[in-house]
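*Asks:* Predicted model follows, preceded by the sequence.
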Amino acid sequence: MSFELVWEHLYIVLAAVIATILLGLPLGILAYINRRMHGVILWTVDILQTIPALALLGMIMVIFGAGKLTVIIGLVLYSLLPVVRNTYLGLTNIDPAIKEAARGMGMSTGYRLLHVELPLAFPMIFTGIRIATVTAVGVAVFATFVGGGGLGSIIYRGIHVQNMNLIMSGTFSLMAMAILFDAVMSLVEKKLYRQKKK
């Protein structure tokens, strides 16, 4: 197995996760501050999650062609749900007394959001990012079907030539990557929740 494929898979996942955060965080905030929009936003990301990953990538490929861009866009759309929903829930579940105290101190809506509410909601937001990251590692296996490369190509080749060693090699590499991301991010998540309780 080539380490080039491992790095290619990591690149796809990390690029998609960064883009998911940049898009999902503002959408979650918008759902929180705009009561008229929150139903539409949450419904949309829910629907995107129900589309089979390979079908979603196929639809995107018709527009953008085969390649890594198609895979990254697909992963972003597929990973939005946990980031958007956790951002919305994290902000919504803040103790109303804290929000009222911030208003009483004369804080503007924007200042209160950036300096009070988002820091308090961040542990839950980070949980959504962790879920999105681990999901992206697994879903990125379909990249090989739309010319995106990655570890999925090893599994596909193994299935095509009926080589169990190739299939297991690709599978274990994906599992190790997902477990590593999950373990590291779980430690960070626990630390964030401990700090929040202090």
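*Replies:* That came through, no problem. Residues are numbered from 1 along each chain as shown.

*Asks:* So which residue is smack in the middle of this protein?
*Replies:* residue 132 (2.7 Å; C-alpha atoms, centre = their mean).

*Asks:* That residue and residue 82 touch, don't they?
*Replies:* Yes. Between residue 132 and residue 82 there is a contact under C-beta atoms under 8 Å: 4.9 Å. For glycine as for every other residue, the C-beta is placed from the backbone atoms N, C-alpha and C.

*Asks:* name the element the spatially closest residue to the residue nearest to the centre of the chain that is not a sequence neighbour belongs to?
*Replies:* Of all residues not flanking residue 132 in the chain, residue 79 sits nearest, at 3.9 Å (C-beta to C-beta, 6 or more residues apart in numbering). Secondary structure from DSSP states H and E places residue 79 in helix 68-92.

*Asks:* Tell me which helix or strand comes right after that helix.
*Replies:* Heading C-terminal from helix 68-92 (DSSP H and E), you reach helix 96-104.

*Asks:* and that following helix, how far out from the chain's middle?
*Replies:* 31 Å (C-alpha atoms, centre = their mean, to the nearest Å).

*Asks:* ok so, going back, residue contacts, the residue nearest to the centre of the chain?
*Replies:* 17, 20, 24, 79-80, 82-83 (C-beta atoms under 8 Å, 6 or more residues apart in numbering).

*Asks:* Check which helix or strand it maps to.
*Replies:* helix 118-139.

*Asks:* What of residue 41?
*Replies:* Applying DSSP H and E, one finds residue 41 within helix 35-50.

*Asks:* by contact count, what packs against the helix or strand following that helix?
*Replies:* Once helix 35-50 ends, the next helix or strand along the chain (criterion: DSSP H and E) is helix 53-64. Under the contact criterion of 3 or more C-beta pairs under 8 Å, 6 or more residues apart in numbering; DSSP states H and E, helix 53-64 touches helix 68-92.

*Asks:* could you say what helices and strands the longest helix seen in the chain packs with?
*Replies:* The single longest helix within the chain, with elements called by DSSP state H, is helix 164-197. Applying 3+ C-beta pairs under 8 Å, 6+ apart, we find helix 164-197 packed against helix 3-33, helix 118-139, helix 152-161.

*Asks:* if I read this right, the residue nearest to residue 132 contacts residue 136, doesn't it?
*Replies:* Yes. Under the criterion of C-beta under 8 Å, residue 79 makes contact with residue 136 at 5.3 Å.

*Asks:* what about those two, which has more around it?
*Replies:* More crowded of residue 79 and residue 136, by other C-beta atoms under 10 Å: residue 79, with 30 against 26.

*Asks:* Point out the other helices and strands that the helix holding residue 79 packs with.
*Replies:* Going by 3+ C-beta pairs under 8 Å, 6+ apart, helix 68-92 lies up against helix 3-33, helix 35-50, helix 53-64, helix 118-139.

*Asks:* Fine by me, we can end here.
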